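> need a 3D model of the sequence below.
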Amino acid sequence: MPTIPRLRRLLSKLRQNRCYLEKHIEQVSKMLPACLILRYRRKGTRDFQSIEAGDELTERKSYAYLTYLEAGITRHRYIAKSEIGEVARLTEAYRMFCKRMQSVRGVNNRIVEVLAEIGKIQQEEVKSYVQKRVKRNRES
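Residues are numbered from 1 along each chain as shown. Below is the predicted model of the structure:
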């Protein structure tokens, strides 16, 4: 059974970890909350098709699209080849931001669990103390 001092040390480590993660999140400057998708079109076809890696057709053209939500509706916007590098960097920054925020949420959930464990241990200590006092009062 974990003791309160051990849990408090764990809580301190978790708080330091959360602070470290939050500092890394603050370093992200510009980001684009969207997804960059490359679609391929076979030469001579009208519709977009995904190409398998082993496909023998080498004549295909890729088109970059930015997929995002706007007022609850999924939107697609064509990205020019000259802008793909910058858009890819911004969408990657957003992906890393989301990943780090997920880590922070995990640490926060663990902190809440540790605090709940400390509360249970303290309640048990109070119950045992009260039971001892009641028993001592009855004996006297």
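
> grab the most central residue of the protein for me.
residue 102 (1.8 Å; C-alpha atoms, centre = their mean).

> could you check how far it is from residue 22?
13 Å (C-beta to C-beta, to the nearest Å). Using the backbone N, CA and C atoms, a C-beta is placed for each residue, glycine as well.

> and what of residue 120?
Distance from residue 120 to residue 22, by C-beta to C-beta: 28 Å.

> and these two? which has more neighbours close in?
More crowded of residue 120 and residue 22, by other C-beta atoms under 10 Å: residue 22, with 14 against 10.

> so who does the more buried one touch?
residue 104 (C-beta atoms under 8 Å, 6 or more residues apart in numbering).

> got the buried residues for the strand or helix carrying residue 39?
For residue 39, the host element (DSSP states H and E) is strand 35-42. Across strand 35-42, burial judged by 16 or more other C-beta atoms under 10 Å covers residue 36.

> centre of the chain to the one helix or strand the residue nearest to the centre of the chain maps to, how far?
Counting by DSSP H and E, the element that carries residue 102 is helix 84-139. Mean-position distance between helix 84-139 and its chain equals 16 Å (C-alpha atoms, centre = their mean, to the nearest Å).

> just checking, what packs against it?
helix 4-26, strand 35-42, strand 60-70 (3 or more C-beta pairs under 8 Å, 6 or more residues apart in numbering; DSSP states H and E).
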